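S.K.: Below is the structure, and that's it, no one-letter string:
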């Protein structure tokens, strides 16, 4: 019996992540609910946050606030955990 390997679209169980449509730089909208999400990268880390609104103007203001907060973060270099400190 042959298995059907075609991907079904719109099936919630087969989609591991929600479908996001890009609206602007770092701003995405979930197609099923209309909620806005921010995807911001800093260094090697990606931050994805719900902006908890369906209003685009409010989402852009919240995105600006989030970008400021992320810019102020201090990201530790993960490689530093593997490097032994030398003599001081």
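M.R.: Now that the structure is in, tell me what you want to look at. For clarity, every value in this text was computed on a predicted model and none was experimentally measured.

S.K.: For the rest of this, base every contact and every neighbour count on C-alpha atoms.
M.R.: OK.

S.K.: who's in contact with the closest residue in space to residue 56 that isn't next to it in sequence?
M.R.: Once flanking residues are discounted, residue 56 sits nearest to residue 36: 7.5 Å by C-alpha to C-alpha, 6 or more residues apart in numbering. By C-alpha atoms under 8 Å, 6 or more residues apart in numbering, the contact list for residue 36 reads 27, 28, 29, 30, 50, 51, 52, 53, 54, 55, 56, 59.

S.K.: Which stretches in the chain count as strands?
M.R.: Using DSSP state E, the strands of the chain run over 20-24, 27-30, 36-42, 45-50.

S.K.: returning to that earlier point: do you know how far the residue nearest to residue 56 is from residue 72?
M.R.: Residue 36 is 23 Å from residue 72, where distance means C-alpha to C-alpha, to the nearest Å.

S.K.: just residue 24 next, same as before
M.R.: 22 Å.

S.K.: List the residues that contact residue 28.
M.R.: Taking C-alpha under 8 Å, 6+ apart, one finds 20, 21, 22, 36, 37, 38, 39 in contact with residue 28.

S.K.: give me that answer again for 7 Å
M.R.: By C-alpha atoms under 7 Å, 6 or more residues apart in numbering, residue 28 lies in contact with 20, 21, 22, 36, 37, 38.

S.K.: now do residue 53
M.R.: 35, 36, 59 are the contacts of residue 53 under C-alpha under 7 Å, 6+ apart.

S.K.: hmm, 6 Å instead?
M.R.: Residue 53 sits next to residue 35 when contact means C-alpha atoms under 6 Å, 6 or more residues apart in numbering.

S.K.: So it versus residue 44, what's the distance?
M.R.: 27 Å.
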